[in-house]
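**Student:** Compute the structure for the input listed below.
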Amino acid sequence: MASPASFRLSECAKARQHIQGARSRRTYLVSASPRGLITTAAIDPGQEANPVKIPIPTLALGAVLLPVAAPAQAAHPKVKIVAPANGATVSGPVKVVLQASGVEIVPATVERPGTGHHHLFVDHDLTPVDDTIPRGVTGILHLGRGQTEFVLDSLKPGPHRVIAVVADWKHVPLKPPVVDTVRFTVK
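**Tutor:** Okay, the predicted model is just below:
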C-alpha cells in the first residue's frame with residue numbers, strides 16, 4: 001500500500017490537466033513535481049503564466065486544487081478603431097477598420113450573450129446609453145451584418161469624428177458601454 005504522501009503525489013499527477021474556465025478564456029494549469037510540489041497557474045491568452053508552488057504537505061489532497069481554481073471574470077469587452085488613426089490627415093474615401101476583444105462580433109440577428117455588432121457615429125453625438133440606437137438618422141451607421149470595416153465615401157474635407165459603439169441584437173449599447181473615438185482630418 002502506498003504511503004499518504006505518495007498517494008497525494010500520484011493523485012496530483014493524475015490531476016495534471018488544463019481546465020478551461022466556463023466564463024472566460026483563462027486556462028488553469030495544475031501539475032505536480034517529483035519533489036512534492038503542486039504548481040498552479042492561471043494563463044490568460046497572450047500572456048505568460050505566473051505559477052504558484054504549494055508544498056503537498058499543506059494540502060489534504062492534491063486534487064483539492066481543481067475545484068479551487070474557479071473561472072475568472074470575463075474580460076471587459078473593448079472596441080478599437082484601428083484606422084484611421086487618431087489625429088491623422090487622410091484622403092477620402094476613408095476606410096474605418098474596427099477591432100473588438102472580449103465580445104464576438106456577429107450579425108445583428110444573432111441573439112446570444114457575449115455577442116454584438118458595430119455602429120458608427122460619424123460627426124454625431126452618442127444617443128443615451130439605455131436607448132436603442134436609431135435607424136435612418138444621418139451620421140449613425142449600423143454595421144448589422146457583422147462587418148468590421150466600412151468605407152465613408154462622402155466626407156467633405158475638414159475635421160471629423162467617428163465613434164464606434166458595440167450594441168446587442170436589439171441595437172442597445174452593451175453595458176458598460178463599449179466605445180472608441182477617433183478624430184481625423186480629410187484633406
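
**Student:** ends of stretch 128-144, how far apart?
**Tutor:** Across stretch 128-144, the terminal residues are separated by 20 Å (C-alpha to C-alpha, to the nearest Å).

**Student:** what's the answer for stretch 131-151, then?
**Tutor:** End residues of stretch 131-151 are separated by 26 Å (C-alpha to C-alpha).

**Student:** what's around Val186, how many residues?
**Tutor:** Counted with other C-beta atoms under 10 Å, the neighbours of Val186 add up to 18. (C-beta placed from N, C-alpha, C; glycine too.)

**Student:** Check whether it really touches Gly158, as I assumed.
**Tutor:** Yes. Under the criterion of C-beta atoms under 8 Å, Val186 makes contact with Gly158 at 6.4 Å.

**Student:** where in this protein is pLDDT low?
**Tutor:** 1-74 (pLDDT under 70).

**Student:** quick one, longest strand in it?
**Tutor:** strand 158-167 (DSSP state E).

**Student:** Mind checking what helix or strand follows that strand in sequence?
**Tutor:** Counting by DSSP states H and E, the next helix or strand C-terminal to strand 158-167 is strand 179-186.

**Student:** if we look at that following strand, which residues are touching it?
**Tutor:** 78-81, 84-92, 94, 126, 155-166, 173 (C-beta atoms under 8 Å, 6 or more residues apart in numbering).

**Student:** which of the residues you listed are buried?
**Tutor:** 79, 81, 84, 90, 94, 126, 155, 160, 162-166, 173 (16 or more other C-beta atoms under 10 Å).

**Student:** Tell me the one among those nearest to Val110.
**Tutor:** For the buried ones among the contacts of strand 179-186, the closest approach to Val110 (C-beta to C-beta) belongs to Val166, at 12.9 Å.
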